[in-house]
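Visitor: Okay, predicted coordinates and the sequence, questions at the end:
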Amino acid sequence: MAWLIGVLVFAGLLVAWFASMYNGLVNLRNRFKNAFAQIDVQLKRRHDLIPNLVETAKAFMAHERETLEAVITARNSAAGALQRAAADPGNAKAMQGLSSAEAGLSGVLGRLFALAEAYPDLKSNQNMMQLSEELSTTENKIAFARQAYNDAVMRYNNKCEMVPSNIVANMFGFQRAEFFEVELEAEREPVKVQF
């Protein structure tokens with residue numbers, strides 16, 4: 001009888017241990033998904049500001065049509081990549097696509113702001129100054145949200161890879177999550193907005 005009680009206690013402890021590991025992995029996975037949702041909010045805000053910025057610049061930069069179109073194209077590409085990544089933040093290809101699209105958008109925005117320096121009326125336009133300030137603030141919020149996301153991914157990935165939780169992770173199909181990294185060294189800094 002004591003032997004049976006010992007086996008049942010051991011089995012109960014084993015089940016509790018597995019449940020604890022599983023729940024810990026679910027908790028960390030939900031945390032990194034929530035952290036991505038914060039990036040999602042800021043990137044959507046960034047994407048919403050860009051058409052207003054282009055419309056304001058369009059009146060002053062009539063012969064810079066190619067740059068303005070490049071900004072809109074890059075914005076649309078980034079918005080599409082954001083939708084794919086938001087659907088599954090754990091998908092490595094979606095996160096890499098988002099990183100790449102956002103790097104492209106930052107590059108063309110940098111070109112837009114560099115060209116805008118040549119237009120004094122645009123630099124002094126109140127609407128352009130306000131949009132630029134909002135974009136700059138949003139860029140800072142994106143950087144903070146990206147850091148929080150990457151921290152959450154690191155905790156989750158560590159749990160998926162460390163013994164003994166890696167046993168439970170492998171049993172239940174928990175996959176490594178992808179960091180939201182900036183691809184180009186020049187893109188590691190937020191877009192500089194100066195008017």
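Guide: Arrived safely. Residues are numbered from 1 along each chain as shown.
Visitor: Roughly how far does A16 sit from Y22?
Guide: A16 sits 11 Å away from Y22 when distances are taken as CB to CB, to the nearest Å. Heads up, the C-betas are built off the backbone N, CA and C, glycines and all.
Visitor: ok now stretch 2-12, how far from the chain's centre?
Guide: How far stretch 2-12 lies from its chain's middle: 48 Å, per CA atoms, centre = their mean, to the nearest Å.
Visitor: Can you dump the C-alpha atoms of that stretch in PDB for me?
Guide: Presented in PDB, the C-alpha positions along stretch 2-12 are these (Å, rounded to 0.1, in the frame of the first residue of the first chain):
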ATOM      1  CA  ALA A   2       2.800   2.500   0.900                       C
ATOM      2  CA  TRP A   3       4.500   1.600  -2.400                       C
ATOM      3  CA  LEU A   4       1.300   2.500  -4.300                       C
ATOM      4  CA  ILE A   5       0.900   5.800  -2.400                       C
ATOM      5  CA  GLY A   6       4.600   6.600  -3.200                       C
ATOM      6  CA  VAL A   7       4.100   6.000  -6.900                       C
ATOM      7  CA  LEU A   8       0.900   8.100  -7.000                       C
ATOM      8  CA  VAL A   9       2.700  10.900  -5.200                       C
ATOM      9  CA  PHE A  10       5.600  10.700  -7.600                       C
ATOM     10  CA  ALA A  11       3.200  10.700 -10.600                       C
ATOM     11  CA  GLY A  12       1.300  13.700  -9.200                       C
END
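Visitor: so for it, what's the average pLDDT?
Guide: Here stretch 2-12 scores 94 as its mean pLDDT.
Visitor: ditto for stretch 160-178
Guide: The average of the pLDDT scores along stretch 160-178 is 94.
Visitor: which residues of this structure fall in helices?
Guide: Remark: helices of the chain, listed N- to C-terminal, are 2-60, 65-87, 92-116, 120-124, 126-161, 165-171; assignment by DSSP state H.
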